[in-house]
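Asks: Have a look; sequence and predicted model below, questions after that.
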Amino acid sequence: MLKRRLFTPGPTEVPPETLAAGARPILHHRKKEFGEIYTETVNNLKKVFVSEGEVFVFASSGTGAMEAAVTNFTSPGDKVLVIESGKFGERWKQLCGVFETDVNLLECRWGSSADPAEVEKILKENPGIKAVFSTLVETSTGALHPIEELASVSSSAGALLIVDAVSGLGCDRILTDEWGVDVVVSGSQKALMTPPGLGFICVNSRAAEVYRENNRKNYYWDLRKASKSLEKFQTPYTPSVNLIAGLLASLESINSEGMENVWARHRNLAAGTRAGIEAMGLEIFPENPACGLTAVKIPTPEKIGSGFVKHCQDRYGIVFAGGQADLKGKIFRIAHMGYYDELDVIKALAAVEAGLRDLGERDVLGRGVKAALEVFTT
């Protein structure tokens, strides 16, 4: 028997309580019982976003929420700044292009994080930029961006800061209201410990004024419709009823733990993972790594390359993610976001050790596990 264990940065493992809640008999989405569940879900999401702003839930992937952010906060011809440091910064660029904005681009080397001083310089040299698009965590590289500082320079220039936090929300600290982040989008399938299929948008009061006055036409993604429905504890169109019921179970677990404790738990899991990786003589890929996943350089890509991820899955049932685009065969990514604990990290590191020896790359059995346990038991 080979037991599969998922360590990809989305979808991630889901708690049994969430799966059970999602398997309840279907409720009608226009009745009071679902309205109560939806209201509780939105209120719990606000605690995770650390915001008193509006929170919208869509039946979509995180990319759907990203598209809604572009179409509700920009109009054709608007000047925007996109920070591109990986596949999901690239996605912001593509979305802004599809919807005919005037894109200014800050290209960061993959694995690096945005420099707020560079963003400030671009904003000063290009007055009239309406919005800055960034990721909190660039999933393809594992890099964390300095969102608090980016919010400050964006606000000073009169631009909205719109953040893709699909892989960061619930792992890495983000204080949406306190930092002045205008729009944050996320999804259900990562640290929020729910199956894929829900996209979220959190909007502060400054950004709300923009979408209410925006002249771009939307239908499904119209936040004005969503806002009117939210006043009645509803969504404008049929929601993913059972996914929302499951999400509420996960959110209640997260909020009973408390966000400070949730962030601390992810910092601890990240520290143990990285100690184990470095004890094997491997190198962490990003300069400023996030807490929800660890991207690791494959030491001899010409020798084991993409075969390493496949081998760990086929031989040990441990499912890592490989690199994307130019990083394919050069890195692998270990997720430790959401429903993971210290012993999960130990399992993942043990598979890395065994895989490296199986493929003749190096014999480091026990080194990573020992180093991680030293972190976890200190």
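Replies: The structure has been received and is ready for your questions. Residues are numbered from 1 along each chain as shown.
Asks: how about the strands in the stretch 151-300 of the chain?
Replies: 160-164, 183-187, 198-203, 283-284, 293-297 (DSSP state E, counting those that start in this stretch).
Asks: As CSV, those with mean pLDDT and distance to Pro146 would be great.
Replies: The C-beta positions use only the backbone N, C-alpha and C, and glycine is treated the same way. Shown next, in CSV, are the strands of the stretch 151-300 of the chain (pLDDT from 0 to 100; distance: least, Cβ to Cβ, whole Å):
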stretch, mean pLDDT, distance to Pro146
strand 160-164, 98, 11
strand 183-187, 98, 15
strand 198-203, 98, 19
strand 283-284, 98, 18
strand 293-297, 98, 18
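Asks: Mark out where each domain of this structure begins and ends.
Replies: As given by automatic domain parsing, the domain ranges for the chain are 5-10+258-376, 16-257.
Asks: Longest helix in the chain, by number of residues?
Replies: What stands out as the longest helix in the chain, according to DSSP state H, is helix 259-279.
Asks: and the angle from it to strand 293-297?
Replies: Using axes from the mean of the first three to the mean of the last three Cα atoms, to 10 degrees, the inter-axis angle of helix 259-279 relative to strand 293-297 is 20 degrees.
Asks: roughly how far is helix 259-279 from the heart of the chain?
Replies: 16 Å (Cα atoms, centre = their mean, to the nearest Å).
Asks: Stretch 342-354 too?
Replies: Computed by Cα atoms, centre = their mean, the chain-centroid distance of stretch 342-354 equals 23 Å.
Asks: same thing with stretch 304-311?
Replies: 25 Å.
Asks: pLDDT (mean, whole number) over it?
Replies: Regarding stretch 304-311, the rounded mean pLDDT is 94.
Asks: I would like the residues contacting that stretch, please.
Replies: 298, 320-322, 328-330, 332, 355-356, 358-359, 361 (Cβ atoms under 8 Å, 6 or more residues apart in numbering).
Asks: where does the stretch 151-300 of the chain dip in pLDDT?
Replies: Residues of the stretch 151-300 of the chain meeting the criterion pLDDT under 70: none.
Asks: Save the domains of the chain as a markdown table, and put in mean neighbour count too.
Replies: Shown next, in a markdown table, are these (neighbours: other Cβ atoms under 10 Å):
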| stretch | mean neighbour count |
| --- | --- |
| domain 5-10+258-376 | 19 |
| domain 16-257 | 20 |
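Asks: Now the longest helix of the chain - C-alpha only, CSV.
Replies: Taking C-alpha atoms only, helix 259-279 is exported to CSV below (Å, rounded to 0.1, in the frame of the first residue of the first chain):
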residue,chain,number,x,y,z
MET,A,259,-4.3,34.6,13.8
GLU,A,260,-1.2,35.5,15.9
ASN,A,261,-0.9,31.8,16.8
VAL,A,262,-1.6,30.7,13.2
TRP,A,263,1.2,32.9,11.9
ALA,A,264,3.5,31.7,14.6
ARG,A,265,2.7,28.1,13.7
HIS,A,266,3.6,28.7,10.1
ARG,A,267,6.8,30.5,11.0
ASN,A,268,7.8,27.4,13.1
LEU,A,269,7.0,24.9,10.3
ALA,A,270,9.0,27.0,7.9
ALA,A,271,11.9,27.2,10.2
GLY,A,272,12.0,23.5,10.8
THR,A,273,11.7,22.8,7.0
ARG,A,274,14.5,25.1,6.1
ALA,A,275,16.8,23.8,8.9
GLY,A,276,16.2,20.3,7.5
ILE,A,277,16.9,21.3,3.9
GLU,A,278,20.0,23.2,4.8
ALA,A,279,21.3,20.3,6.9
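Asks: The chain should start at 58 in everything you say after this.
Replies: Got it, first residue is 58 now, which makes that one helix 316-336.
Asks: Now do the helices in the stretch 58-207 of the chain.
Replies: Assigned by DSSP state H, counting those that start in this stretch, the helices in the stretch 58-207 of the chain fall at 73-79, 89-106, 119-130, 144-155, 173-182, 204-213.
Asks: Put together CSV for those, with distance to Thr434 on each row.
Replies: Below are these laid out as CSV (distance: least, Cβ to Cβ, whole Å):
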stretch, distance to Thr434
helix 73-79, 27
helix 89-106, 29
helix 119-130, 36
helix 144-155, 35
helix 173-182, 37
helix 204-213, 32
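Asks: of all those helices, which lies closest to Leu163?
Replies: The closest of these to Leu163 is helix 173-182. By Cβ to Cβ, the value is 6.1 Å.
Asks: That closest one versus helix 204-213: what angle between them?
Replies: Going by the same axes, to 10 degrees, helix 173-182 makes 10 degrees with helix 204-213.
Asks: Touching helix 173-182 from outside, list them.
Replies: Residues from elsewhere that reach helix 173-182 (Cβ under 8 Å, 6+ apart): 138, 140, 161, 163, 186, 189, 203, 206-207, 209-211, 213-214, 216.
Asks: give me phi/psi at the residue nearest to the spatial centre of the chain?
Replies: Nearest to the mean C-alpha position of the chain, counting by Cα atoms, centre = their mean, stands Ser224 at 1.4 Å. Main-chain dihedrals, Ser224, degrees, to the nearest 10: phi -100, psi 0.
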